[in-house]
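S.K.: using only what follows, build the 3D model:
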Amino acid sequence: MLFSELRLIEPLLKAVESEGYQKPTPIQEKAIPSILKIKDLLGCAQTGTGKTAAFAIPMLQILHMRHLKTNKKAIKALVLTPTRELAIQIQESFNAYGKNLPVKNLVIFGGVGQQPQVDALRKGVDILVATPGRLLDLMNQGYISLNDIEIFVLDEADRMLDMGFIHDVKRIVAKLPAQRQTLFFSATMPTEIQKLANTILKDPVMVEVTPVSSTADTITQSVYFVDKPDKRKLLKHLLDELNIDHTLVFTRTKHGADRIARDLAKDGIKAAAIHGDKSQGARQRALNDFKDRTLRVLVATDIAARGIDIDDLTHVFNYDLPNIPETYVHRIGRTGRAGANGTAISFVDGEENEYLLDIHKLIKRTIPIVENHPYPLSWQSMLANKEVQRKPQKDSKAGAKTNQKKFHRRGNRNN
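M.R.: Numbering: from 1, shown residues only. Below you'll find the predicted structure:
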């Protein structure tokens, strides 16, 4: 199927063509016709599947056609998303697809002064892209009313849960008109997210592509067993040995991200860290420098990296293995996009083998181990790993619950 077969108006087709798109991705092909029919939609899709275009393109068409002869300044559509980076990325998509239409959009988020955002709101906005905290803040101050919302998009719902935003989301939903179109997207569907979807969707169309338990066949995966203190040296060795000039490195904590970036800089490698404690300006500068390849390495926590979408990213490193197996799939999905080849390298120390076993269970394959490298795991850690492997494995549901508890105990604090 081609985009020209999706019954899109000419200004949108021209914009899509100028972005280099010809064939819609599976989620775009399935979602766009249903959204144009003003159906509620429940989309289960992981990052990198073209999800943003799947809702942004039909939203622009609906709002343009519906309000072609009106000049009402009220906000007509709301996109709620968990992170600043993802919010900015979504607004950039609306700008790109809607450049030939008179539909105005605005992004708001915390961490920066509110006055420019308030000034823009006063001029009139059709589509508002927002993070929960800043949206509630401006609503409470009387700058934003949701009374005229016709389309509501809840994006990355599972990450909203992970970040502790679920109650904020419920407060926002309570302020929306009962008569509206709702588009709900989540990479995973834990029980609380399923309950939320059931309460805010009306007879939704279900769209599911690329289950979170799968990894792209175009990504070459490997594991290096290494002592924790040697991870920095192994990273430096592989960057040089494999001649990697552009890579994303994932770490579990904000402190760890800063330390890795500092260590790489000491070794003469241009690197920066991005996480929740960084100012918005610092985060955006680091992201822009990485996109234009001024930076060789971007070190990120999972939450901060949610909105990172880099073309032609050949390598991703798991410096720390994630304690939630689904997170592994999200991380390595930053490479190997759109059919391109990619490489995902994971470091596993003596305390992380149980996480690796959970990942193997989820993706239903064993990641190859690279044994011939200069910083092998010490014999004490090898013994510890063998002890972990002897432990009886939990069933998948119990394992998921245990890991989810681990994440909630320390996830928000560390990211």
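
S.K.: CA atoms for contacts and neighbours, from now on please.
M.R.: Fine.

S.K.: what are the ranges of the strands in this structure?
M.R.: 41-44, 77-80, 105-108, 127-130, 151-154, 181-186, 205-208, 219-225, 247-250, 271-274, 297-300, 315-318, 342-348 (DSSP state E).

S.K.: can you give the distance of the fourth one from its chain's centre?
M.R.: Pointing back at strand 127-130 there. Its chain's C-alpha centre and that of strand 127-130 lie 17 Å apart, by CA atoms, centre = their mean, to the nearest Å.

S.K.: for that strand, packing partners?
M.R.: strand 77-80, helix 84-97, strand 105-108 (3 or more CA pairs under 8 Å, 6 or more residues apart in numbering; DSSP states H and E).

S.K.: got the contact list for the longest one?
M.R.: Spelled out, it's helix 84-97. 12, 15-16, 19, 52-53, 56-57, 60, 81, 105-110, 129-131, 280, 284, 304-308 (CA atoms under 8 Å, 6 or more residues apart in numbering).

S.K.: show the buried residues in those.
M.R.: 12, 15-16, 52-53, 56-57, 60, 81, 105-110, 129-131, 280, 284, 304-308 (16 or more other CA atoms under 10 Å).

S.K.: circling back to that earlier point, out of the helices and strands packed on strand 127-130, nearest to residue 167?
M.R.: strand 77-80 (13.3 Å; CA to CA).

S.K.: now mean pLDDT too, for the strands of the chain, in TSV please.
M.R.: Formatted as TSV, the strands of the chain follow (pLDDT from 0 to 100):
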stretch	mean pLDDT
strand 41-44	94
strand 77-80	98
strand 105-108	97
strand 127-130	98
strand 151-154	98
strand 181-186	96
strand 205-208	92
strand 219-225	96
strand 247-250	96
strand 271-274	93
strand 297-300	94
strand 315-318	96
strand 342-348	96
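
S.K.: reformat those strands into CSV and put distance to residue 32 next to each item.
M.R.: Listed next are those as CSV, based on distance: least, CA to CA, whole Å:
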stretch, distance to residue 32
strand 41-44, 10
strand 77-80, 16
strand 105-108, 20
strand 127-130, 18
strand 151-154, 14
strand 181-186, 11
strand 205-208, 10
strand 219-225, 28
strand 247-250, 31
strand 271-274, 33
strand 297-300, 32
strand 315-318, 31
strand 342-348, 29
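
S.K.: tell me the pLDDT at residue 212?
M.R.: Residue 212 carries a pLDDT score of 59 in this model.

S.K.: meant to ask about residue 38
M.R.: Taking residue 38 on its own, its pLDDT is 97.

S.K.: same thing with residue 69?
M.R.: 67.

S.K.: ok, which of the helices and strands packed on strand 127-130 comes nearest residue 243?
M.R.: helix 84-97 (28.5 Å).

S.K.: how far is that closest one from where the chain is centred?
M.R.: 13 Å.

S.K.: now stretch 280-296
M.R.: Counting by CA atoms, centre = their mean, stretch 280-296 comes out at 17 Å from the chain centroid.

S.K.: what average pLDDT does it get?
M.R.: On average, stretch 280-296 scores 88.

S.K.: what bridges to the nearest residue to residue 108 once chain neighbours are set aside?
M.R.: Residue nearest to residue 108 in three dimensions, not counting chain neighbours: residue 130, with 4.9 Å by CA to CA, 6 or more residues apart in numbering. Applying DSSP bridges to residue 130 yields these beta-bridge partners: residue 80, residue 108.

S.K.: residues in contact with residue 130?
M.R.: 78, 79, 80, 81, 87, 107, 108, 109.

S.K.: ok, those residues vs residue 321, which is closest?
M.R.: After measuring those against residue 321 - CA to CA - the closest member comes out as residue 81, at 25.3 Å.

S.K.: quick check: the closest one touching residue 129?
M.R.: Yes - assessed by CA atoms under 8 Å, residue 81 is found in contact with residue 129 at 7.5 Å.

S.K.: would you check how far apart residue 128 and residue 134 are?
M.R.: 12 Å (CA to CA, to the nearest Å).

S.K.: so what sits against both of the two?
M.R.: residue 108.

S.K.: higher neighbour count, those two?
M.R.: residue 128 (22 against 16; other CA atoms under 10 Å).

S.K.: quick check: the more buried one touching residue 81?
M.R.: No - taking contacts as CA under 8 Å, residue 128 lies outside contact range of residue 81: 10.8 Å.

S.K.: need the pLDDT of residue 362.
M.R.: 87.

S.K.: on that earlier part again, looking at the helices and strands packed on strand 127-130, which is nearest to residue 322?
M.R.: Judging these by CA to CA, what sits closest to residue 322 is helix 84-97, at 20.6 Å.

S.K.: how does this protein divide up, domain by domain?
M.R.: 3-208, 219-414 (automatic domain parsing).

S.K.: least confident of these, on average?
M.R.: Taking mean pLDDT as the measure, domain 219-414 is lowest among the domains of the chain, coming in at a mean of 80.

S.K.: check contacts around the spatially closest residue to residue 175 that is not a sequence neighbour.
M.R.: In space, and not counting its chain neighbours, residue 175 is closest to residue 146: 6.4 Å by CA to CA, 6+ apart. The contact partners of residue 146, taken as CA under 8 Å, 6+ apart, are 75, 175, 176, 177.

S.K.: now do 10 Å
M.R.: Residue 146 sits next to 74-78, 139, 152, 172-177 when contact means CA atoms under 10 Å, 6 or more residues apart in numbering.

S.K.: do residue 300 as well
M.R.: 248-254, 256-258, 260-261, 272-276, 306, 308, 415.

S.K.: ok, how many other residues are close to residue 14?
M.R.: 18.

S.K.: I'd guessed it sits against residue 100; true?
M.R.: Yes - under the criterion of CA atoms under 10 Å, residue 14 makes contact with residue 100 at 8.1 Å.
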